[in-house]
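> Below is the sequence, then the predicted model.
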Amino acid sequence: MFKNIKIGTSPKQFVLLAVGADRKVPPHAYRSNSGAKDALKHALFTGSMGEIVAGPGQFVLVGLGKKEARTPLAFRTLGARLLAALDKAKIDSVLIVSDELNAAQGQSIAEGMGLAQWRFDDHRGTASRAKEPKGVLTVEGGDSDLHKSFIRGLALAQSINVARQFAATPPNVCRPNWVGSEAKRMARQSSLRCRVIDVAQAKKLGMGGLVAVGQGSSVPPCLVVIEHRPTRARGGHLVLVGKTITYDTGGYSLKVNNGMVGMKYDKCGGAAVLGAMHAIAAQKLPIRVTAILAVAENMVSDDAYRPDDIITLHNGVTVEVTNTDAEGRLVLADALAYATSTLKPDYIVDVATLTGGVVVALGAFCAGLFCENDGFRASVESAAARTDERVWRLPLWSEHRDFMRSRHADILNSNPARQAYPIQGAAFLSYFVDEKTPWAHIDIAGVASKENAGSSPTGVGPTGYGVKLLTELATSLAG
Ligand code: BES
Ligand code: MN
Ligand code: ZN
């Protein structure tokens, strides 16, 4: 496997010919390479989308198929498979020659390559060996548009991989204090400002939700605040909030055995926000963006919070806890209320692995979107369409808000009636944002990680869903 992918030239490069189903050789390939036409006569090569034949002479043949087959996902998958094929054929340098590829498609290929390159081998021990990554793959984009789009695609993959790396880190390593120091390290590398609101400050700020959820753990909860403040900013102030539960046992409303495994991915909202900040900083987007990670570990102990507790959150709203497994909304609520009271946001988006219900409803095909502001929802939906990180709207009405009312406190964290769980989560959160501030809640429980690789370029494991969506949203708001 390649340790690195570099964009540039190299003396012994192979020529990567990307052609459509008609297998027509681009004229400039003729001029530089007389063997191009012969290579394309390779018996096994039909030119259909995703086909790769490495090594008829100094050539790599790549099929792009008919126009209809050329979706962004197909190009990302092609990039991922190309990386594996080049590795297998021991080809470490290619010059891309094509008349068929546009910049967006080139970017998708590079993104797929970058995503496929990511490995999580940090925790391999003496009983299994990681394939030592060696060598550098050099890719030359040919014409300058394609070249630039390759650089963009690789950079984006890097930001997505930041999220995947964070998400994959096991919960015995990634505990709330680790999130704080890791976020600071990443912020320093990206020239972002980062501060951590510790549990003592959180108590002073009246963040009863964050404190309650974290109090069963031997490692206290915290809020991580990361700021991107460009000198010339446009488009207002965007706040991104990420659910960052480093592990979700359910607390006293304990999850049943198989419901707990995989709950290290309950920090994927925070992972998406971290990755997006990485991309936003790298692209120097001219918009002010503040990220808040609401970090806690939901555990069982004699200090843990329990069903029937009544707690007061940052904005004074009291919550009767009916289910300690509905913890995400409690930490998010304090973060949303804090953003509202201190950051004067123009837009707020929260991203969270909030409910199993959204997985039942929408599966791994898209995230659930809640946003009652038509203009802002259109912005989120078009960012989702452009990045292929799909969302689907679910309703959030006053009836849903009323459904969360409590007899003994203001609201319940979960209505015991097993109904509309994803909407209950959104309805709960709506009590902690200002009605006038455009707000979107994105439930990513179904898309944050994958159990079946399918044709996805990220394969099994964390997907990094949300990095592109949030970055694209910030781009569009910057105008
Ligand atoms: N982290 C879970 C949601 C989840 C479930 C994420 C499956 C990924 C896969 C969340 O904290 C949770 O436990 N939600 C409960 C809420 C319920 C108790 C109101 C759920 O969805 O069952
Ligand atoms: Mn839970
Ligand atoms: Zn959770």
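All right, it came through fine. Residues are numbered from 1 along each chain as shown. Ligands and ions are numbered 1, 2, ... in the order given.
> contacting residues for the nearest residue to A183 once chain neighbours are set aside?
In space, and not counting its chain neighbours, A183 is closest to V224: 4.6 Å by C-beta to C-beta, 6 or more residues apart in numbering. For every residue, glycine as well, the C-beta is placed using N, CA and C. In this structure, V224 makes contact with 179-180, 183, 194-197, 244, 270, 291-293, 295, judged by C-beta atoms under 8 Å, 6 or more residues apart in numbering.
> Quick one: mean pLDDT for the helix or strand hosting V224?
Secondary structure assigned from DSSP states H and E places V224 in strand 222-228. Across strand 222-228, the average pLDDT comes to 99.
> ditto for stretch 326-339
On average, the pLDDT along stretch 326-339 is 99.
> Could I get the buried residue list for it?
Within stretch 326-339, the residues scored as buried using 16 or more other C-beta atoms under 10 Å are 326-339.
> separation between the residue of the stretch 301-450 of the chain found nearest ligand 3 and R23?
The stretch 301-450 of the chain approaches ligand 3 most closely through G328 (4.4 Å), counting by C-beta to the ion. Using C-beta to C-beta, to the nearest Å, G328 is found at 52 Å from R23.
> Endpoints of stretch 316-329, how far apart?
From its first residue to its last, stretch 316-329 covers 15 Å (C-alpha to C-alpha, to the nearest Å).
> and it, which residues are buried?
Those buried within stretch 316-329 under the rule 16+ other C-beta under 10 Å are 317, 319-329.
> ok so, going back, let's see the ChimeraX selection covering just the buried ones among the contacts of V224.
This is how ChimeraX selects the buried members of these, with burial counted by 16+ other C-beta under 10 Å:
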select :179,180,183,194,196,197,244,270,291,292,293,295
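> Now intersect the contacts of V224 with the helices, please.
Using DSSP state H, the members of those that fall within helices are 179-180, 183, 270.
> so which of these are also by ligand 2?
On the criterion C-beta under 5 Å from the ion, none of the entries of the ones in helices among the contacts of V224 sits beside ligand 2.
> just to revisit the earlier point, farthest-apart pair in the buried residues of stretch 316-329, please.
Farthest pair in the buried residues of stretch 316-329 (C-beta to C-beta) is V317 and D325. Separation: 20.2 Å.
> sorry, back to before: closest to ligand 3 out of the contacts of V224?
Using C-beta to the ion, T244 is the member of the contacts of V224 that lies nearest ligand 3, at 10.2 Å.
> is it true that that closest one touches A294?
Yes - counting by C-beta atoms under 8 Å, T244 touches A294, with 5.8 Å between them.
> what residues are shared contacts of these two?
Common contacts of T244 and A294, defined by C-beta under 8 Å, 6+ apart, comprise 270, 331.
> Can you pull the residues of the chain lying near ligand 2?
248, 325, 327.
> ok, and which of these reach ligand 1?
Among the residues of the chain next to ligand 2, the residues lying close to ligand 1 (C-beta under 6 Å from any ligand atom) are 248, 325, 327.
> Name the nearest residue to the closest residue to ligand 1 within the stretch 51-200 of the chain, ignoring sequence neighbours.
Proximity of the stretch 51-200 of the chain to ligand 1 (C-beta to the nearest ligand atom) peaks at A167, 11.9 Å away. In this structure, A167 finds its nearest non-sequential neighbour in P462, 3.6 Å apart by C-beta to C-beta, 6+ apart.
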